[in-house]
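Novice: no FASTA, just this:
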């Protein structure tokens, strides 16, 4: 994955990523995958998490990537956190700063202002904006502030076209945006008969049991309740169907989730697996993968299911209709009846037709969402942004350059 190099010197480009934390979320997982696929001859990466480091810290460090934390305790970074950020900037000496998600994007601008030379900043927006109702108050404020400051980053990366359009309608700049979809390693996410057998054995169900799964963190926007209502409808038609749910907060200790499952009479049919490290195995074991969300950017679990040749049923949000295309069925948001009917439609296909539906998904991933291709798109973006920044810095009028460079700094950095 060498690609064409835009830089003329031989030293790797230093990329600094800022992200809220390193828990097992969609954006965090995509960051890890991107780092794993970047050409180390071209890039030297470092990561700063704003808060707790999370479960992915060790995985990222295992790639040879330096990982730091600002240890921000309150809703916004205080003087100690900013001082710690300044020290880390001196240590990492980034050529480009990449923010992730609303809080990471805003702090990336702060980081860019703290550097002793002009360092370009890139934002990474991983969500759509159907509504802010599901966001915490501090996140809503960060998104709104981002709109006012969106002209400042050199480029804004979106992982869906609808997300880019919705943010533009919300006041985000359209002059500096690009869409780069999520990427998936088809060597890791692949069809597996062994996975189907082992998960059914783990769950203590028969080998011919139908497994329908929803892989997502517990959050109102993910609309687990809609999936469960559809599950209750499907259960009326299929006696041998079971439902697999996993992700952060997906556990029997979750009172609201447990009560809903009990109210729907699904206690013996639903398996809550919590946060798992073996999602490739779990997803490859499914007969159908679902996304029931009110809003999404690009749900990793759906791309992963497609790579595993698992048919998908998804709600009509973001770019999912185009992403899934001929690999599943798209249904209206928050319509459990439609989702249940889509499950039944897939299950009533003959084995060859159902297999073909899954293969369509894997083909789409191979053609449009390969991790290597996505990493190369980010690589080209980083190199072009840094090259443009170097050109603009060296050709800017002396007066404007003097205004942009802190006292005591050399114009060439």
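Specialist: Yes, it's here. Nothing here was measured: the structure is a model prediction, and the numbers come from that model.

Novice: show me what contacts residue 167?
Specialist: Counting by CB atoms under 8 Å, 6 or more residues apart in numbering, residue 167 touches 125, 129, 147, 150, 156, 158. Glycine gets a C-beta too; all of them are placed from N, C-alpha and C.

Novice: just put the residues you listed in a markdown table and tack on secondary structure.
Specialist: Formatted as a markdown table, those follow (DSSP: H, G, I helix; E, B strand; the rest coil):
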| residue | secondary structure |
| --- | --- |
| 125 | strand |
| 129 | coil |
| 147 | helix |
| 150 | coil |
| 156 | strand |
| 158 | strand |
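
Novice: where's the dip in pLDDT among these?
Specialist: Lowest pLDDT within the contacts of residue 167 is found at residue 129 (84).

Novice: can I assume it is in contact with residue 165?
Specialist: No: judged on CB atoms under 8 Å, residue 129 makes no contact with residue 165 at a distance of 9.1 Å.

Novice: out of the two, which sits in the busier spot?
Specialist: Each of residue 129 and residue 165 has its neighbours counted (other CB atoms under 10 Å); residue 129 has more, 22 against 17.

Novice: next, that one: phi, psi?
Specialist: Here is the backbone geometry of residue 129 (degrees, to the nearest 10): phi -130, psi 50.

Novice: helix or strand for the nearest residue to it once chain neighbours are set aside, which one?
Specialist: With sequence-adjacent residues excluded and distances taken as CB to CB, 6 or more residues apart in numbering, residue 129 is closest to residue 166, at 3.9 Å. Per DSSP states H and E, residue 166 falls inside helix 161-169.

Novice: if you count neighbours, what's buried in that helix?
Specialist: 162-168 (16 or more other CB atoms under 10 Å).

Novice: which parts of the stretch 251-400 of the chain are strands?
Specialist: Along the stretch 251-400 of the chain, the stretches classed as strands by DSSP state E, counting those that start in this stretch are 270-272, 288-291, 312-315, 328-331.

Novice: contacts only, for the closest residue to residue 102 other than its chain neighbours.
Specialist: Nearest residue to residue 102 in three dimensions, chain neighbours excluded: residue 142, at 3.8 Å (CB to CB, 6+ apart). The contact partners of residue 142, by CB under 8 Å, 6+ apart, come to 102-103, 105-106.

Novice: thinking again about what came up before, what residues are up against the residue nearest to residue 129?
Specialist: Contacts for residue 166 (CB under 8 Å, 6+ apart) come out as 128-130.

Novice: pull up the gap between it and residue 123, please.
Specialist: Using CB to CB, to the nearest Å, we find residue 166 at a distance of 15 Å from residue 123.

Novice: how far away from the center of its chain is the following helix or strand past the helix holding residue 166?
Specialist: For helix 161-169, the following helix or strand on the C-terminal side (DSSP H and E) is strand 177-179. On the basis of CA atoms, centre = their mean, to the nearest Å, strand 177-179 sits 15 Å off its chain's mean C-alpha point.

Novice: which is the next helix or strand following strand 177-179?
Specialist: helix 193-203.

Novice: buried ones in that following helix?
Specialist: So for helix 193-203, counting by 16+ other CB under 10 Å, buried means 195-196, 198-200.

Novice: ok so, going back, columns secondary structure and distance to residue 361 on top of the contacts of residue 142, output as JSON lines?
Specialist: Below are these laid out as JSON lines (DSSP: H, G, I helix; E, B strand; the rest coil; distance: CB to CB, whole Å):
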{"residue": "102", "secondary structure": "helix", "distance to residue 361": "31"}
{"residue": "103", "secondary structure": "helix", "distance to residue 361": "33"}
{"residue": "105", "secondary structure": "helix", "distance to residue 361": "31"}
{"residue": "106", "secondary structure": "helix", "distance to residue 361": "36"}
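
Novice: just the buried subset of the residues you listed, written out for PyMOL, thanks.
Specialist: To isolate in PyMOL the members of the contacts of residue 142 that are buried, counting by 16+ other CB under 10 Å, one can use:
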select buried, resi 102+103+105+106
